[in-house]
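Enquirer: Take this sequence and fold it.
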Amino acid sequence: MDGVPEPHTGWTFITNHARVLAAIADNHSARIRDIAARCRLTERAVQKIISDLEQAGYLSHTREGRTNTYRIDPSKVLRHPAEAGLTVAALLSLLVQDEADRSTGSSSSRRSHATA
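Expert: Residues are numbered from 1 along each chain as shown. From the prediction side, this is the model:
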């Protein structure tokens, strides 16, 4: 069935909130449908995550015609006490770079990150 995410069981390293934020960082005017497909989530789940991120001040949007343009606050500090002092910009620098590596098929930088 087209448009339905593949089911996933078990735990993952990256939260869905981080995935959605990274997708928006990659394309500030991405449609919810496109974010959902990229993150393998439902459109409803992406809408809820965007709402969470906006309520917490990590994300805002402006309406331009029929399109939303999102703005991420890169200086906002991550929520968990274990990441005290780390910013959204630091998180996104890892996630967005990894996505760029994946789309170009480069594995050399992933190997260097894995051994560091």
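
Enquirer: Break down the chain into its helices, ranges please.
Expert: For the chain, helices defined by DSSP state H occupy the ranges 16-26, 32-39, 43-55, 88-104, 108-115.

Enquirer: okay, those, which one's buried deepest?
Expert: Across these, averaging neighbours per residue (mean count of other Cβ atoms under 10 Å) puts helix 16-26 on top, at a mean of 21. Where C-beta positions appear, they are placed from N, C-alpha and C, glycine not excepted.

Enquirer: How far away from the center of its chain is it?
Expert: Relative to its chain's centre, helix 16-26 lies at 1 Å (Cα atoms, centre = their mean, to the nearest Å).

Enquirer: which helices and strands sit right next to that helix?
Expert: Counting contacts by 3 or more Cβ pairs under 8 Å, 6 or more residues apart in numbering; DSSP states H and E, helix 16-26 is packed against helix 32-39, helix 43-55, strand 67-72, helix 88-104.
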